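**Q** how does the following fold in three dimensions:
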Amino acid sequence: MPTPPRIAIRRLAAARAISVTGSEATFIALMVAIYSATHSTLWLSAAPLLVIGAQGVFAPLLGALGDAVDRRRVMIGSELCTAAVTGAMALTGAPAALVGLAFLGAVAQSPFFSASTAAIPNLVGDGDVTWANSRISIGRNAGALVGPVLGGAAAALLGPRFVFAANALLVAGSAATIATVRGTFADPRRRDGHRLDLRAGFRFVASEPVLRLVTLAWIVLLGLLGPVLVAELPLARSFGMGALGYGLISACWGGGAIVGSFLGPRIVRRDERRAMVAGCAVIGGGLATVAVAPAFTVVLLGMTAAGVAEGTVTVAEEGILQRRTPDALRSRATAATEAAAMGAYALSLPTAGVVIGAVGIRGAYLLAAVACAAAALILVAAMRALDTSGCEMDPCFAVGRLAASTDSPRAG
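**A** Numbering: from 1, shown residues only. As a prediction, the model looks like this:
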């Protein structure tokens, strides 16, 4: 018997909260372990470079699974593989081994986001898509709030290996929760297991004016965000806060994002276009506040404001992508946008140490704020295209037409 739609979404949101809590805690513990062993910002750059780079490279490859096979199985398999890799991290303390395993964990996670995002419009009615995106986002951001604090505290008190072992159990629990959901995760007319054109998602995003501009905005924003990620732990240490402060910085963003996710459906229904543009601008304002913060409390306030805006923007963006993409392509299109964004993020990491050395820890936050302002200007054009690009795609028509044209043996 199918799980009632709203119950299904709440279970998926709970699974996301469990999984992201463990993943965020693991990332904090990974950075603490590497910094404690090496005291090197280059190592701190290398770890997220490989993790985020793996998402950028493998998202379009493994993300295609969500358009080829049962999306529910893709999600469960992704979580179980991640749990196995994280469990292996608990057995080593060598920085190189930890980074290598973190890379494999990112590969294992890469098909999850696109498959889950693509499934939402099939699990609920049209009127509940924004609500569903909000609830999934709340679960994800709840994990982003709790995970860093638990990860920082547990890494300081019990050691990183404890965090890695605990995460393996949490992610396995997420897989078990997803397994309890019964429902339609894809259009029933879709042909599972057939040959897919891996480039179709990129072609669709590149040809669709709104999605093309939104993706460009995130490339610009994330292209200067890497140094911020590397600067977070040194920033916390500069205020005498250490690993716990590092966790609090990430947690404030996550806590703000939960609030933004709650507000998202109301704001999106009122004015989706302004939510996108203003939200991006507020993210930049929050980062600029961190750049000039005289006290650690102000740092946390700036990160919280940025998180609220990010949570709202995420709800609006996912709804736009889902409505404008046919089910037959939705996982690949989502993976394409994720790959472009994460690719830009990854490319900003190799020089993060150099950038921080040149402009300082606070200067890294100021550069990211400038990138947010530029991204907001691009989103202005994207939202104008949303006004002028005509009716959104009819999923029933598009599924048959695009499934036939982009996934035939001769496509591409």
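**Q** centre of the chain to stretch 124-142, how far?
**A** 15 Å (CA atoms, centre = their mean, to the nearest Å).
**Q** quick one: buried residues of that stretch?
**A** 124, 128-142 (16 or more other CB atoms under 10 Å). To be clear about C-beta, it is placed using only N, CA and C from the backbone, and glycine gets the same treatment.
**Q** alpha carbons only: can I get it in PDB?
**A** The C-alpha coordinates for stretch 124-142 follow below in PDB (Å, rounded to 0.1, in the frame of the first residue of the first chain):
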ATOM      1  CA  VAL A 124       2.900  14.700  -4.000                       C
ATOM      2  CA  GLY A 125       0.300  16.700  -5.900                       C
ATOM      3  CA  ASP A 126       1.200  19.900  -7.800                       C
ATOM      4  CA  GLY A 127      -0.100  22.100  -4.900                       C
ATOM      5  CA  ASP A 128       2.200  20.400  -2.400                       C
ATOM      6  CA  VAL A 129       5.500  20.500  -4.300                       C
ATOM      7  CA  THR A 130       6.700  23.800  -2.600                       C
ATOM      8  CA  TRP A 131       5.600  22.400   0.800                       C
ATOM      9  CA  ALA A 132       7.500  19.200   0.100                       C
ATOM     10  CA  ASN A 133      10.600  21.000  -0.900                       C
ATOM     11  CA  SER A 134      10.400  23.000   2.200                       C
ATOM     12  CA  ARG A 135      10.100  20.000   4.500                       C
ATOM     13  CA  ILE A 136      13.000  18.200   2.800                       C
ATOM     14  CA  SER A 137      15.000  21.400   3.100                       C
ATOM     15  CA  ILE A 138      14.100  21.600   6.800                       C
ATOM     16  CA  GLY A 139      15.400  18.100   7.300                       C
ATOM     17  CA  ARG A 140      18.600  18.800   5.400                       C
ATOM     18  CA  ASN A 141      19.200  22.100   7.300                       C
ATOM     19  CA  ALA A 142      18.400  20.600  10.600                       C
END
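**Q** so what touches it?
**A** With CB atoms under 8 Å, 6 or more residues apart in numbering as the test, stretch 124-142 has contacts from 5-6, 8-10, 12-17, 20-21, 116, 120-121, 123, 254-255, 257-258, 260-262, 264-265, 268-269, 307, 311, 314-315, 318-319, 322-323.
**Q** per-residue pLDDT, Thr297?
**A** Looking at Thr297, its pLDDT is 93.
**Q** counting neighbours, what do you get for it?
**A** 10 (other CB atoms under 10 Å).
**Q** same for the helix or strand encompassing it, what does it pack against?
**A** Counting by DSSP states H and E, the element that carries Thr297 is helix 296-324. With contacts taken as 3 or more CB pairs under 8 Å, 6 or more residues apart in numbering; DSSP states H and E, helix 296-324 sits against helix 112-123, helix 129-157, helix 209-222, helix 242-291, helix 327-347.
**Q** let's see it at 6 Å
**A** Contact here means 3 or more CB pairs under 6 Å, 6 or more residues apart in numbering; DSSP states H and E; on that basis helix 296-324 packs against helix 129-157, helix 242-291.
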